[in-house]
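Q: quick one: sequence and predicted model below, then my questions.
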Amino acid sequence: MPEIPVEKIVRSRRKTIALEITPQATLVIRAPKNVPFAYIEQMIRKKQAWILDKFTEMKRRPPVVVHQYDEGEVFWFLGRSYPLQFTDTPSGSIERTDRLCVPERFREGAEGHIRQWYRQEAAKEIRSRVMWFSMMTGYAPESVRISGAKARWGSCTHKGGLNFSWRLIQAPLEIVDYVILHELVHLRQMDHSPKFWQKVAELMPDYDRRRQWLRENERLLRV
């Protein structure tokens with residue numbers, strides 16, 4: 001069997017095993033706490049052809065964006081591109097016009113300042129959209145947390161809390177909405193069974209198109 005690189009195994013209180021292919025074409029395994037490693041190996045062998053196909057697919061996609069934080073470099077926000085410009089903004093903080101305007105005093109350490117800005121903007125926009133979809137569906141989370149996750153755009157905890165990566169705010173709003181709705185439905189259906197996808201389809205008939213966009217373009221949304 002060809003060697004299949006396993007990046008990590010994440011154990012939690014989940015009930016099923018999930019195989020997740022990362023943008024770097026490695027495998028992340030999410031498994032219940034008490035599942036033996038031998039069983040996980042057996043599943044990897046069983047899913048070998050699927051895993052290798054996904055590795056090939058990932059390698060064909062656009063390369064992961066590596067930012068140098070140089071002036072003129074493009075950053076994305078809700079699906080629109082904004083060239084980076086270092087300038088003296090009226091507020092003294094990062095502003096978004098037709099460019100991503102970063103105060104000259106932030107030039108050194110720009111990466112940290114821009115990431116913090118993204119996190120703050122994501123918190124405002126994502127929480128607002130969660131509230132809207134909660135009113136629409138009647139699915140109310142116990143909490144909404146903005147995380148720094150790199151491999152997962154969203155997740156739902158067993159206590160009913162929702163987590164979203166701040167990196168998601170770079171995607172178009174319709175993609176953000178898909179991830180939010182996906183996690184809200186998990187409040188009622190924790191697995192990815194046909195029943196889960198049926199409910200997602202009822203609430204968002206074109207969800208599969210949005211999901212496919214995220215799969216094909218996720219490498220562009222790395223900051």
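A: That came through fine. Numbering: from 1, shown residues only.
Q: quick one: residue 136 and residue 185, what's the gap?
A: 12 Å (CB to CB, to the nearest Å). Any C-beta I mention is one placed from the backbone N, CA and C, and that applies to glycine too.
Q: give me the common contacts of those two.
A: residue 203 (CB atoms under 8 Å, 6 or more residues apart in numbering).
Q: neighbour count winner among the two?
A: residue 185 (24 against 11; other CB atoms under 10 Å).
Q: now do the SS call for the more buried one.
A: helix (DSSP: H, G, I helix; E, B strand; the rest coil).
Q: I'd say it and residue 195 touch.
A: No. In this structure, residue 185 is not within contact of residue 195 by CB atoms under 8 Å, at 9.8 Å.
Q: distance of residue 12 relative to residue 164?
A: For residue 12, the distance to residue 164 - CB to CB - is 18 Å.
Q: between the two, which one's more packed in?
A: More crowded of residue 12 and residue 164, by other CB under 10 Å: residue 164, with 26 against 12.
Q: which stretches of this structure form helices?
A: Applying DSSP state H to the chain gives helices spanning 37-46, 48-60, 110-137, 173-186, 194-203, 207-217.
Q: tell me which of these sits most buried.
A: For these, the largest average neighbour count (mean count of other CB atoms under 10 Å) is found in helix 173-186, namely a mean of 21.
Q: distance from the chain centre to that helix, please.
A: Using CA atoms, centre = their mean, to the nearest Å, the mean C-alpha position of helix 173-186 is found 10 Å from that of the whole chain.
Q: now it: mean pLDDT?
A: For helix 173-186, mean pLDDT is 97.
Q: contacts for it next, please.
A: Taking CB under 8 Å, 6+ apart as the rule, helix 173-186 contacts 78-79, 125-126, 129-130, 133-134, 137, 139, 141, 153-156, 162, 164, 168-169, 196, 199-200, 203-204, 207, 210-211, 213-214.
Q: could you give the angle of it to helix 194-203?
A: Orientation of helix 173-186 against helix 194-203 (axes from the mean of the first three to the mean of the last three CA atoms, to 10 degrees) gives an angle of 140 degrees.
Q: out of the helices and strands in this structure, which is least certain?
A: Counting by mean pLDDT, DSSP states H and E, the chain has its least confident helix or strand at helix 48-60, which shows a mean of 86.
Q: may I have it as CSV, with CA atoms only?
A: Output in CSV follows, covering the C-alpha atoms of helix 48-60 (Å, rounded to 0.1, in the frame of the first residue of the first chain):
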residue,chain,number,x,y,z
GLN,A,48,-7.0,3.9,0.4
ALA,A,49,-8.3,4.6,-3.2
TRP,A,50,-10.5,7.5,-2.1
ILE,A,51,-7.7,9.0,0.0
LEU,A,52,-5.1,8.8,-2.9
ASP,A,53,-7.7,10.3,-5.3
LYS,A,54,-8.2,13.2,-2.9
PHE,A,55,-4.4,13.7,-2.5
THR,A,56,-4.2,14.0,-6.3
GLU,A,57,-7.1,16.4,-6.5
MET,A,58,-5.5,18.6,-3.8
LYS,A,59,-2.2,18.8,-5.6
ARG,A,60,-3.9,20.0,-8.8
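Q: same for it, what does it pack against?
A: Applying 3 or more CB pairs under 8 Å, 6 or more residues apart in numbering; DSSP states H and E, we find helix 48-60 packed against strand 18-21.
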